[in-house]
Structure formats: C-alpha cells, structure tokens
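Asker: sequence first, predicted model second:
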Amino acid sequence: MNRAARATIDTSALRANLNAAKEASGGARIMAVIKANAYGHGIVPAARALSGADAFAVARMEEAAAIREAGMEQVVILLEGVFHAEQIPQAASLDAELVVHSHEQLEMLEQYSGSHRFRVWLKIDTGMNRLGFPPEDAVELERRLAACAGVAGRPRLMTHLASADLQTDPFTTDQIRRFREATAELKGERSIANSAGVLAWPDSHSDWVRPGIMLYGVSPFEGRSGEGLGLRPVMTLASELIAVKTVPAGGRVGYGGVWTASRDTRIGVAAIGYGDGYTRHLGSGTPVLVRGKTATLAGRISMDLITLNLEEIPDARVGDEVILWGTGLPVENLARKAGTIPYELLCGVTQRVAMRLV
C-alpha cells in the first residue's frame, strides 16, 4: 500500500550521531535513550542502528519487550522502573535493569523472593522534583538496595538534569554538586548527563551518559539546530502534491478562510495533516520544500490535507514531493513556529505515516 505521507529514517545518521555522542562524552559508556518509539523514529529499527551503544534506556515495559521480541540482547534499563509488584517477574523475563526512584519500588524489591537478580539504579532527585529520592537519603537507601537478595552487585546511581539546555543557568552546576556530595561515600557507577549534558556540561559525563534527542540529529538547545552542532537529521517527513489549482484574487483558502489570495495564486494541496502528526499549531507562512524551493502554508492545517502557496514555484506539479521537515528544513525551526519543542513534533508522528528506512 502506497501512502503519500511518509517518514524516511536515515539509519546511517543514527550511527553517526551515536559516534558524535561517544566523541563528546570523553570515554563514558553510552545508554542510548530509545523510549517513546525512539522519539517517533521506530524503536526496533532505531535500536538495531544504535547497536553500538552500551545499553538502551526505555520508559515502559512494553518498550523493553519490543527490543527482546526483535531478538536483541543488549542491556535494557527501565527508566521508570516497575509500577506494580506483578511486573517484577516480567522485568526478570526480559532481563531488564531497574531504576528505583520511590519507597514503594524499594519495598517491592525487598519483598521479592524470585530467583532472578537485577542490576538496579538508585535515582537521586537533585532538583528536578519529579522522580527520585532526596540526596540526604542516598547512603541509607543504597545500602538497603544492596542488601536485597534480588539485587546483583552494588546499585548504580543516577540523577536527571532539569536545565542543562540552558547553558548559562548555574542550576546544572548545583545539581552536579548535590549529586556528587550525596554519593561521595558510595562506590556504584554513576550517570548524570542527558543530551544537553553530553554537549555542554563535561562535568556531568561520569561513568555513563544518556543521550536521547541528539541521537536523532536534533539540538537540545533552543535557537540552535542539530546540524549546527555537527549532528545529522535522522527523520525526513514528507508527502506529495495531490492537486494544484489557481485561486483568484480575493479567494479564501481552507477552514475559516484565514488566508486570502491577494492576487491570482497557484495553490497546492498536499496529503498530510494533523491526523498524521503535522500539528495544527503551524500557521500560514510556515515553510515547506517543493522541488528544493520554499513554499509556505496558506490557511489552516486540516486532518488530512495542507494547502500551500506555490507562487514562487511555478513549475510545481501534482506528484511533487513536499518536505515538511528534515535535511534543509530543521525540525527545530518548525517547533519554534508551532510554539513547542522538536521532541513533541517527532513523537507526534502517527501510525498512518509510512516509515521507510535508508
């Protein structure tokens, strides 16, 4: 079945971005973050392309299961741990490492009587105020975890940076200091850095780093593109023109008629819309590429279609490819126009968009 809306995933770009993370992280081991369907890129093909990573990090049990069902044996870490005691046997069957961030999870492991021994990560909350234990409790909790019959070896230690994308914000330095002070007496391996940490905060690199968005060629910093950081965009979202017509001067286009032709104007219709994940928050004037040239949205995005001002591309024809984001049109720019972040646009691509690997 041929679908007009398609996302092309450049697996060589994934590998190149992984190498960039390795080079930037000073020898730290790489925990490649492939949660949320690998940020919309497809968890299984992304994992295969990123097989050179030392481990994979996922958020949910079903993501770990997808990796195992695809026959991959790499280390998998459940960043949110288990939610219920009934999930512990499943985590064991998947040979998943567990992040422990709550007293409930700690008690589950203390009560666990199965034969499997888990590698675990103790999460310390140094200022995100989301998941994790207070720094002052780290030593006691690490010892409790290490004493669990179901835990293998010394617990590893992690925290999460809240503002590393803000390169002049001293809060990141404060978080790193709090983490180091809280874990000074402990021997476990450590992980602090996310993508922004890898790229901008070398003091956060530690034993393991956890690159996410940078692996997909996207900058974690507002106002900067991945390409500007030496990364390669992985996803190109595209469709095609399915109609071209001339709208007379004064003619209104689309729902609500929010765009009006100031003169006779060639309008193209492309088969993609918010039902495919191309957000309705993008308005008239948003750029797309047709035949390598810039056209702009004219009118509101609808569920299945967008309309384009082709005034500057007189040779545009039905069947021409329309690039919504990718090489030459950074997703970061589209996110800025939509008032959101590139993570949301990438994760929002829906199942009816055909995925093609190259």
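Answerer: In hand now; what should we look at?

Asker: helix, strand, or coil at the residue nearest the centre of the chain?
Answerer: Nearest to the geometric centre of the chain sits Tyr39, at 3.5 Å (C-alpha atoms, centre = their mean). On the three-state scheme (DSSP: H, G, I helix; E, B strand; the rest coil), Tyr39 is labelled helix.

Asker: that one and Ile9: what is the separation?
Answerer: 11 Å (C-beta to C-beta, to the nearest Å). (Each C-beta comes from the backbone N, C-alpha and C, glycine too.)

Asker: next up, the contacts around the residue nearest to the centre of the chain.
Answerer: By C-beta atoms under 8 Å, 6 or more residues apart in numbering, the contact list for Tyr39 reads Gly212, Ile213, Tyr216, Tyr343, Leu346, Cys347.

Asker: can you pull the domain assignment for the protein?
Answerer: 11-217, 235-357 (automatic domain parsing).

Asker: quick one, which of those domains is nearest to Ala4?
Answerer: Among the domains of the chain, domain 235-357 comes nearest to Ala4, with 3.7 Å by C-beta to C-beta.

Asker: what is the end-to-end distance of that closest one?
Answerer: The first residue of domain 235-357 is 10 Å away from its last residue (C-alpha to C-alpha, to the nearest Å).

Asker: over to stretch 211-219?
Answerer: For stretch 211-219, the first-to-last residue distance is 11 Å (C-alpha to C-alpha).

Asker: swap in stretch 206-220?
Answerer: Terminal residues of stretch 206-220 are spaced 20 Å apart (C-alpha to C-alpha).

Asker: do stretch 57-73 as well
Answerer: Separation of the first and last residues of stretch 57-73 by C-alpha to C-alpha is 13 Å.

Asker: what ranges do the strands span in the stretch 201-350 of the chain?
Answerer: Using DSSP state E, counting those that start in this stretch, the strands of the stretch 201-350 of the chain run over 208-209, 235-247, 252-253, 259-260, 265-270, 287-290, 293-297, 306-309, 321-325.

Asker: to Ala13, which of those strands lies closest?
Answerer: Nearest of the strands of the stretch 201-350 of the chain (C-beta to C-beta): strand 235-247, 8.9 Å.

Asker: who does that closest one touch, helix- and strand-wise?
Answerer: Applying 3 or more C-beta pairs under 8 Å, 6 or more residues apart in numbering; DSSP states H and E, one finds that strand 235-247 contacts strand 6-9, strand 265-270, strand 321-325.

Asker: tell me the strands beside that strand, with direction?
Answerer: Using DSSP bridges, strand 235-247 pairs in its sheet with strand 6-9 (antiparallel), strand 265-270 (antiparallel), strand 321-325 (antiparallel).

Asker: distance between the last one and the chain's centre?
Answerer: If I follow you right, that is strand 321-325. Centroid separation for strand 321-325 versus its chain: 21 Å, with C-alpha atoms, centre = their mean, to the nearest Å.

Asker: what does it rub up against?
Answerer: By C-beta under 8 Å, 6+ apart, the residues outside strand 321-325 that reach it are 233, 235-241, 268, 270, 272, 278, 288-290, 295, 308, 329, 331, 333-334, 345.

Asker: so which of the strands of the stretch 201-350 of the chain comes closest to Leu14?
Answerer: strand 235-247 (10.0 Å).

Asker: and the angle from the closest one to strand 293-297?
Answerer: Strand 235-247 and strand 293-297 meet at an angle of 70 degrees, taking axes from the mean of the first three to the mean of the last three C-alpha atoms, to 10 degrees as the criterion.

Asker: surely Pro314 meets Gly268?
Answerer: No - at 11.4 Å, Pro314 does not count as touching Gly268 under the criterion of C-beta atoms under 8 Å.

Asker: more neighbours: which of these two?
Answerer: Set side by side, Pro314 and Gly268 show more neighbours around Gly268, with 25 against 7, by other C-beta atoms under 10 Å.

Asker: who does that one bridge with?
Answerer: On the basis of DSSP bridges, Gly268 is bridged to Val244, Leu308.

Asker: list the contacts of it.
Answerer: By C-beta under 8 Å, 6+ apart, the residues touching Gly268 are Leu241, Ala243, Val244, Val290, Ala295, Thr307, Leu308, Leu310, Ala316, Asp320, Val322.

Asker: which residue comes closest to the fifth one once chain neighbours are left out?
Answerer: In this case it means Ala295. Distance criterion C-beta to C-beta, 6 or more residues apart in numbering; nearest residue to Ala295, sequence neighbours excluded, is Leu308 at 4.6 Å.

Asker: quick one: that neighbour and Gly348, what's the gap?
Answerer: To Gly348, Leu308 is 21 Å away according to C-beta to C-beta.

Asker: hmm, back to that, quick check: which of the strands of the stretch 201-350 of the chain is nearest to Ala65?
Answerer: Closest to Ala65 of those, according to C-beta to C-beta: strand 208-209, at 23.0 Å.

Asker: quick one: mean pLDDT for the closest one?
Answerer: The predicted model assigns strand 208-209 a mean pLDDT of 98.
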